[in-house]
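Asks: Sequence first, then the predicted structure, then my questions.
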Amino acid sequence: MREFIPSNFTRRPEEHKGEVLRLHSAEGTVFTVNILDNDTIRIRHFDASAPNKDRWQHTTHSVHGPASTNISGQPRDSIPRLYPCPSAAVTAWEDGTGYNITTQSVTIRVSAPPTGTIALTLAPTSHPTQPFLEDLPHRAYPLLKPDGGARHFIRRRDQDLHYGMGERASPLSLNGRRFRLETMDALGYNPELTDPLYKLVPFHITLDTVTRIAHGIFYDSFAEGFADFGQEIDAFWGPYRSHTLLSGCGLDMYIFYGPTIENVIERYTGLVGRPAMPPKYALGYLASAMGYAESENAQELIAELPRLCRKWNIPCDLLHLSSGYTVDESTGARNVFTWNKKRFPDPEKLIKDLRKEGIRISANVKPWLLSQHPKYQQVYDADGFIKNSETNLPRSTRLWSAGNGATSTGSYFDLSSAAGRKFWQEGVKSLLAAGIESIWNDNNEFSLPDNNDTYAHTNLNGGSSTVGHAGRGLQTLLMASASHEAMVSMFPKRRPFLISRSAVSGVQRFAAQSWSGDNYTSWQTLKHNIPMGLNCGLSGFVGYGHDVGGFVGPRPEKELFVRWVQNGVFHPRFCIHSWKDEGVTEPWMYPEVLPIIRDAIHLRYKLIPYIYTLYNEASVFGHPIIRPLIYEFQHDCAIQQSSFEFMLGPHLLIASVFEQGSRTRSVRLPCLEDPVQNKAAWCDINTGIWYAGGGEKDVEFACPLEQCGVVLAKRGAIVPTGPVYNYVGEEGKDCERVYWLFPPPSPPQSEIGGEDEVWEYVCFEDDGETVDGGVTHIVVSMRLEFGMVVVEVKYGARNDFHVRFEGCRFVLPVGDSRKIRVSTTLFG
């Protein structure tokens with residue numbers, strides 16, 4: 001690898017839609033500025049003279065496009081067709097050393113002296129002297145020879161805070177840290193230190209804490225590299241941060257101007273695709289444990305799950321079927337898409353019986369065949385595996401086979417090859433035909449040993465790519481799209497529920513849920529998994545959760561398990577999963593605290609209408625479901641780095657307890673922008689007491705073990721809730737909606753009559769499983785009028801869908817005795 005910094009740029013005619021500036025260097029590189037929209041800027045820099053550029057990755061799979069591009073991707077030159085590409089004013093500097101480019105939202109200063117290097121400065125058009133991004137002079141855009149790598153150096157400013165990058169170790173802020181751009185099977189990781197983890201998302205959000213302006217940058221590549229947010233220091237260059245891609249196709253970078261964090265996420269997910277909408281049952285309790293399927297009497301054990309759930313009054317919607325169902329009876333190896341008939345003598349009957357009780361199954365699948373798999377030679381002969389570039393034969397490597405640390409030889413599927421994709425999709429369909437309704441893509445980090453190994457059809461015109469140029473994460477995405485396509489093919493009207501452990505930008509289009517991987521049982525993990533999920537949500541992966549109780553390590557003791565469940569019920573994905581020598585982690589394993597566990601899970605089910613509405617919001621706009629406080633309160637400098645509290649949607653602030661023995665929790669309450677409203681900003685849902693926002697000190701709340709941490713409702717919150725049932729869709733049980741209302745205390749009698757605040761929330765209802773089915777939107781608005789709470793409800797149905805519940809109730813906070821007046825109208 002050799003870094004070189006091109007110089008001596010001259011302007012050439014633009015060649016593609018959206019290009020407003022095209023510069024060629026003396027070394028043969030091409031630098032372009034592309035205006036895709038007024039607030040979306042694309043920068044490209046590549047070596048047009050490279051002798052081996054035919055091997056580079058000339059297509060993108062991250063960008064959302066037609067389904068036909070799932071395998072080969074889209075040509076990078078075609079992306080502007082997806083955007084309006086408005087005109088922009090381009091003016092050359094009088095001294096001939098640069099250019100100004102102006103859109104309605106952003107002004108770009110391009111420094112390009114005839115004998116120097118390029119550097120950009122971006123600022124809001126409304127405030128051109130307040131830049132939000134400044135490239136590092138003289139070193140902004142190096143390229144790396146010979147493999148098409150690139151670097152980007154930005155001037156590092158103390159006023160900037162950085163978030164996102166997918167799944168990264170705690171805390172929330174990325175400042176001062178350096179991350180590897182790759183994925184790894186990080187069993188038992190340290191949530192404060194381990195890097196890399198399971199996801200590769202080269203997208204980050206930067207907040208200028210002085211101007212309160214946010215912007216985002218996405219580097220469109222799955223190649224290995226590094227992202228440095230200030231850990232590296234070199235006195236020669238001054239303070240900087242950088243992004244390095246070791247191979248690929250040069251630099252392909254998107255800059256999204258906010259000014260809000262929410263705006264940035266909308267623009268980013270508009271490019272890479274909105275998160276998939278899951279079926280409603282995915283929001284319930286998702287049971288799981290390696291121990292179930294590893295038992296020799298697995299079918300008998302699993303068949304008992306509905307009875308145990310009913311016995312202990314624990315709702316349950318799905319069981320994750322771990323890979324023990326594929327274990328070969330004689331060798332102990334895990335052979336994907338096969339059944340161990342000793343452990344599961346009649347899997348179809350088991351699946352059918354569970355489904356009668358409302359419990360669906362998500363089957364674990366892994367992206368390889370071990371060499372002893374009965375179909376290995378068939379796929380080998382058909383060129384269905386990733387190939388060794390030296391022999392042009394399938395790459396044989398060591399893969400996980402049986403137990404902890406046990407490996408065997410085998411090969412990864414090439415999900416871009418016709419044979420590999422066909423075999424995979426036929427395998428998925430065989431599971432669906434048996435009655436399984438969800439697929440669980442696992443161990444899909446594709447730990448390939450050689451960057452020169454090849455993929456079949458992942459490049460321009462269906463050509464091949466190398467592992468190094470295209471990235472290992474490309475196969476993670478192709479695995480997701482292949483599973484998704486198979487599910488849609490079998491059941492075109494049924495909403496697919498795909499779960500994926502590893503992920504890259506774009507996987508969220510196919511996989512509705514993911515999680516923080518194989519975490520370790522400890523109080524440290526409970527606490528520091530929280531910001532991992534928050535950064536994932538900021539990066540487009542909204543259906544995120546954790547293995548409650550910890551996957552590996554000791555069995556969680558009673559208090560830790562209680563607090564983990566109480567935290568988990570507020571996450572988009574709620575799953576208890578484990579691999580313990582002591583046995584399976586289950587809600588009823590500690591009878592002494594079972595009532596507390598049950599109450600927490602029941603609260604989860606009550607909140608499903610609210611969480612489901614948030615999932616719909618995410619699928620339409622890309623908004624995260626759980627949000628760091630800074631997302632909702634960008635103006636509040638006191639909570640800019642709050643890592644362990646979060647908003648569940650716009651209305652509920654969650655502060656879980658994660659300290660052993662603690663029965664209190666201190667919270668810094670965000671301030672509202674209006675100082676008058678801020679006097680009664682937050683209501684404790686457990687006590688009905690109102691608190692002011694902001695302030696210089698934290699507020700301490702009582703948190704007995706029986707209480708799910710601190711839950712505060714924002715002023716004017718409207719939270720739709722439902723009944724508790726055994727499972728989502730249970731006949732006759734989803735009978736009403738109860739709206740929790742949080743109007744602030746009425747003003748003094750002398751001031752009554754002049755209230756002008758109105759609060760509104762749109763709730764989403766459908767049948768929970770049909771693709772493009774009917775929908776009812778319920779618009780609930782609330783205001784204060786002469787000391788009374790006035791509520792107006794409007795119903796609007798689409799495609800003749802009408803809600804199943806019979807009525808609505810409205811509930812005020814504890815101790816609030818004001819009267820409620822309700823009116824109802826229909827629209828649409």
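Replies: Here it is on my side, so go on.
Asks: tally of neighbours for Y99?
Replies: Y99 has 19 neighbours, counted by other CB atoms under 10 Å. Where C-beta positions appear, they are placed from N, C-alpha and C, glycine not excepted.
Asks: OK, contacts around it?
Replies: Y99 makes contact with 11, 21, 90-93, 109-110, 112, according to CB atoms under 8 Å, 6 or more residues apart in numbering.
Asks: For those residues, which two are the farthest from each other?
Replies: Spatial extent of the contacts of Y99 (CB to CB) is set by the pair R11 and R109 at 15.3 Å.
Asks: who's more crowded, these two?
Replies: The neighbour count for R11 versus R109, taken as other CB under 10 Å, is higher for R109 (19 against 13).
Asks: Nearest residue to that one in space, please, no chain neighbours.
Replies: T121 (4.3 Å; CB to CB, 6 or more residues apart in numbering).
Asks: In which helix or strand does that neighbour reside?
Replies: strand 119-124 (DSSP states H and E).
Asks: Neighbouring strands - and their directions - for that strand?
Replies: Here strand 119-124 has these sheet partners by DSSP bridges: strand 106-111 (antiparallel), strand 133-134 (antiparallel).
Asks: Quick check: mean pLDDT of stretch 284-302?
Replies: Averaged across stretch 284-302, the pLDDT comes to 96.
Asks: So which bits of it are buried?
Replies: Within stretch 284-302, the residues scored as buried using 16 or more other CB atoms under 10 Å are 284-295, 298-299, 301-302.
Asks: can you give me the end-to-end distance of that stretch?
Replies: 18 Å (CA to CA, to the nearest Å).
Asks: can you map out the helices along the stretch 101-250 of the chain?
Replies: Read by DSSP state H, counting those that start in this stretch, the stretch 101-250 of the chain holds no helices at all.
Asks: Sketch out the low-pLDDT regions of it for me.
Replies: Across the stretch 101-250 of the chain, nothing is flagged by pLDDT under 70.
Asks: Could I get the full set of strands for the stretch 51-200 of the chain?
Replies: 59-60, 74-75, 89-92, 98-102, 106-111, 119-124, 133-134, 143-145, 149-155, 160-164, 178-180, 199-200 (DSSP state E, counting those that start in this stretch).
Asks: which residues sit against the fifth one?
Replies: It refers to strand 106-111. With CB under 8 Å, 6+ apart, strand 106-111 has contacts from 21, 33, 38-39, 41, 97-102, 118-125, 128, 137, 257.
Asks: 7 Å instead?
Replies: Here strand 106-111 makes contact (CB atoms under 7 Å, 6 or more residues apart in numbering) with 21, 33, 39, 41, 97-101, 118-125, 128, 257.
Asks: Now do the strand holding T121: distance to the chain's middle.
Replies: Distance of strand 119-124 from its chain centroid, counting by CA atoms, centre = their mean, to the nearest Å, is 29 Å.
Asks: What of stretch 126-140?
Replies: Counting by CA atoms, centre = their mean, stretch 126-140 comes out at 30 Å from the chain centroid.
Asks: The closest residue in space to N340 that isn't next to it in sequence: neighbour count?
Replies: Spatially, and ignoring its direct neighbours in sequence, N340 is nearest to V327 (5.0 Å; CB to CB, 6+ apart). By the criterion of other CB under 10 Å, V327 has 24 neighbours.
Asks: From L607, how far out is V327?
Replies: 38 Å (CB to CB, to the nearest Å).
Asks: quick revisit: what bridges to the residue nearest to N340?
Replies: R334.
Asks: In this structure it contacts W339, no?
Replies: No - contact status for V327 versus W339: not in contact, 9.6 Å apart, counting by CB atoms under 7 Å.
Asks: and which of the buried residues of stretch 284-302 is nearest to G716?
Replies: The closest of the buried residues of stretch 284-302, once distances to G716 are taken by CB to CB, is G284, at 28.7 Å.
Asks: Now the closest one. Nearest residue, chain neighbours left out?
Replies: Per CB to CB, 6+ apart, closest to G284 is D317, 3.1 Å.
Asks: What of I530?
Replies: F644 (5.2 Å).
Asks: Buried subset of the contacts of strand 106-111 as a ChimeraX selection?
Replies: In ChimeraX, this line selects whichever of the contacts of strand 106-111 come out buried by 16+ other CB under 10 Å:
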select :21,33,39,41,98,99,101,118,119,120,121,122,123,124,257
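Asks: ok, residues contacting stretch 394-402?
Replies: Residues contacting stretch 394-402 (CB under 7 Å, 6+ apart): 332-334, 368, 370, 380, 385-388, 407-411, 443, 448-449, 453.
Asks: That stretch: end-to-end distance?
Replies: Start-to-end, stretch 394-402 (CA to CA) is 22 Å.
Asks: list the contacts for the nearest residue to W515 once chain neighbours are set aside?
Replies: With sequence-adjacent residues excluded and distances taken as CB to CB, 6+ apart, W515 is closest to G545, at 5.1 Å. By CB under 7 Å, 6+ apart, the contact list for G545 reads 515, 568, 571-575.
Asks: please redo it, this time with the cut-off set to 8 Å
Replies: G545 touches 513, 515-516, 533, 568, 571-575, counting by CB under 8 Å, 6+ apart.
Asks: Strands along the stretch 451-600 of the chain, start to end?
Replies: 454-455, 465-466, 497-500, 503-504, 514-515, 544-548, 573-576.
Asks: what about stretch 13-26, average pLDDT?
Replies: Mean predicted confidence for stretch 13-26 is 96.
Asks: Any chance you could list what contacts it?
Replies: Residues contacting stretch 13-26 (CB under 8 Å, 6+ apart): 6-12, 30-36, 42, 48, 77, 80-81, 83, 85, 88, 90, 99, 101, 110, 112, 118.
Asks: Which ChimeraX command selects the buried ones in those residues?
Replies: Only the buried entries of the contacts of stretch 13-26 go into this ChimeraX selection, using 16+ other CB under 10 Å:
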select :6,7,9,30,31,32,33,34,35,36,42,80,83,85,88,90,99,101,110,112,118
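Asks: for the protein, what are the low-confidence residue spans?
Replies: 748-755, 827-828.
Asks: Out of the strands paired with strand 119-124, which is the most enclosed?
Replies: strand 106-111 (a mean of 22; mean count of other CB atoms under 10 Å).
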